[in-house]
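>>> give me coordinates for this.
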Amino acid sequence: MEDKIKKDLKDIQNFQSDSITEIEEFRVKYLGKKGLLNSYFIEFKSLDNDEKKKLGSLLNNLKNSAQQKVDDLKSNSSTTFDNLKINDISRPGDPIEIGSRHPISIVKNRIIDIFSKIGFTISEGPEIEDDWHNFSALNLPEHHPARDMQDTFFVEKNPDYLLRTHTSSVQVRYMENNKPPIRTISPGRVYRNEAISARSHCFFHQIEGLCIDKDVSFADLKQTLEYFTTQLFGKSKIRLRPSYFPFTEPSAEVDVYWGLNNETDYKMTKGTGWLEIMGCGMVDPNVLENCKIDPNEYSGFAFGLGIDRIALLLHQIDDIRLLSENDVRFLEQFRASF
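Next up, the predicted model:
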């Protein structure tokens, strides 16, 4: 028995293969239930104590050598079963998960595309603004009561730095750095110190438009707005209601006729059929002077709308907080609107 074990030890040491089939046959031969090791251990039980002491260490050495050889050959083999599966080019590939755009981005891109077709460029500016660009240049001097219309997040006082309350500040910067004619839209995130609810949030997104040129009239503004509402909503019937904004004079609120075709329309328009979508007006001459533009030579119009509000309308979303919660279950519904 001792000679057999020594011969098997030598065979184990000399065995080499990178075939998964041969390695498995080797394992079964020595370590299987009906393998040589089990037969040796059965025979080992019938030996006397002196023989057991002599052969015990040899048997353990045989077992350990066989197991170590199997482990080494499997780790070095390039044709394992798993590798064969991975390298099978006929297998179907793993599906690629396609993401979706955020509803805010979808609506913003649509609005940008609409105005780009009639010559409007895109302008952007900082979200942390100084007092001049956010208030004073827009005809809201210090202590002006119109400042109370907007609750502001101040970053620093004296001098005042704040989170911008509208993207009109971008228009001021654009007028300071560009000469008329000007046609630009300014999309971006704005901040106001408001209570968070289903209909309002402390941050939201605006897109504001500005057109400055010679002989620009209110009729040009109305025609631009009719084009926009037709392209975005498929509805061209609008009405302008007198309003007040410190940086435009005259100023107006824009309503689009949504209709009363179903219960949702009644809820959205409160039974009137009309839906308020934006504010607008002719640029106040004081604003033009603040930006070094001669109001006697140039005139212009401006408008602004909330992208979040338009997204709620177009996608029938009833809670503005859903837009900022980053819930994948909600966002993946807009995959088709990519």
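
>>> buried sites along the top helix by length along the chain?
Counting residues, the longest helix in the chain under DSSP state H turns out to be helix 49-76. By neighbour count on 16 or more other Cβ atoms under 10 Å, the buried set for helix 49-76 is L55, L58, L59, L62, A66, K69, V70, L73. To be clear about C-beta, it is placed using only N, CA and C from the backbone, and glycine gets the same treatment.

>>> before we move on, what about stretch 303-322?
Quick answer for stretch 303-322 (16+ other Cβ under 10 Å): 303-313, 317, 320, 322.

>>> repeat that for stretch 104-117.
I104, S105, I106, V107, K108, R110, I111, I114, F115.

>>> and what of stretch 290-301?
Those would be N290, C291, I293, Y298, S299, G300, F301, for stretch 290-301 by 16+ other Cβ under 10 Å.

>>> need the CA coordinates for it. PDB is fine.
Coordinates of each C-alpha in stretch 290-301 appear next as PDB, following Å, rounded to 0.1, in the frame of the first residue of the first chain:
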ATOM      1  CA  ASN A 290     -29.200 101.800 -17.200                       C
ATOM      2  CA  CYS A 291     -27.700  99.500 -19.900                       C
ATOM      3  CA  LYS A 292     -26.300 102.400 -22.000                       C
ATOM      4  CA  ILE A 293     -28.900 102.000 -24.700                       C
ATOM      5  CA  ASP A 294     -30.500 105.100 -26.100                       C
ATOM      6  CA  PRO A 295     -34.300 104.800 -25.500                       C
ATOM      7  CA  ASN A 296     -35.000 107.600 -28.100                       C
ATOM      8  CA  GLU A 297     -33.500 105.400 -30.800                       C
ATOM      9  CA  TYR A 298     -34.300 101.900 -29.600                       C
ATOM     10  CA  SER A 299     -37.300 100.200 -28.100                       C
ATOM     11  CA  GLY A 300     -38.100  96.600 -27.200                       C
ATOM     12  CA  PHE A 301     -40.200  94.000 -25.500                       C
END
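
>>> tell me which other helices or strands the longest helix of the chain touches.
helix 2-14, helix 20-31, helix 36-45 (3 or more Cβ pairs under 8 Å, 6 or more residues apart in numbering; DSSP states H and E).

>>> pick the most deeply packed of those helices.
helix 20-31 (a mean of 16; mean count of other Cβ atoms under 10 Å).

>>> name the next helix or strand downstream of the helix or strand harbouring D113, please.
Assigned by DSSP states H and E, D113 falls within helix 103-116. Sequence-wise, the next helix or strand downstream of helix 103-116 (DSSP H and E) is strand 121-122.

>>> just the mean pLDDT for that next one, thanks.
Averaging pLDDT along strand 121-122 gives 96.

>>> what lines up beside that strand in the sheet?
strand 182-191 (parallel) (DSSP bridges).

>>> which residues sit against the strand it pairs with?
108, 111-112, 115, 118-125, 127, 152-153, 163-168, 170-171, 174-175, 202-213, 300, 307 (Cβ atoms under 8 Å, 6 or more residues apart in numbering).

>>> just the buried members of those?
Here, 16+ other Cβ under 10 Å leaves 108, 111, 115, 120, 123, 125, 127, 152, 163-168, 170-171, 174-175, 204-212, 300, 307 buried among the contacts of strand 182-191.

>>> which ones among those map onto strands?
Of the buried ones among the contacts of strand 182-191, the ones assigned to strands by DSSP state E are L163, F204, H205, Q206, I207, E208, G209, L210, C211, I212, G300.

>>> quick check: bridge partners of the second one?
F204 has the following beta-bridge partners by DSSP bridges: V190.

>>> tell me where this protein is predicted with low confidence.
1, 77-88, 145-150, 336-338 (pLDDT under 70).

>>> quickly list the domain ranges of it.
Listed by automatic domain parsing, the domain ranges of the chain are 2-86, 103-337.

>>> for the ones you listed, give me TSV that also has distance to P95.
Output for those, formatted as TSV (distance: least, Cβ to Cβ, whole Å):
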stretch	distance to P95
domain 2-86	17
domain 103-337	14
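
>>> coming back round to it: now, which of the buried residues of stretch 303-322 lie within strands?
F303, G304, L305, G306.

>>> sorry, back to before: quick one: closest of the domains of the chain to D94.
domain 2-86 (11.3 Å; Cβ to Cβ).

>>> now, which of the ones in strands among the buried residues of stretch 303-322 sits nearest S136?
Using Cβ to Cβ, those come closest to S136 at G304, 18.5 Å.

>>> the closest one reaches E208, doesn't it?
Yes: counting by Cβ atoms under 8 Å, E208 is a contact partner of G304 at 3.9 Å.

>>> who touches both of those two?
With Cβ under 8 Å, 6+ apart as the test, G304 and E208 both reach H166, T167, S168.

>>> for F120, list the residues it contacts.
Contacts of F120 (Cβ under 8 Å, 6+ apart): R183, T184, I185, G209, C211.

>>> er, F203 I mean
Counting by Cβ under 8 Å, 6+ apart, F203 has contacts R189, V190, Y191, R192, S324.

>>> likewise for I104?
I104 touches H205, I307, D308, A311, L323, counting by Cβ under 8 Å, 6+ apart.

>>> does the second one touch Q206 like I think?
It stands for I307. Yes: here I307 reaches Q206: they are 6.6 Å apart, a contact under Cβ under 8 Å.
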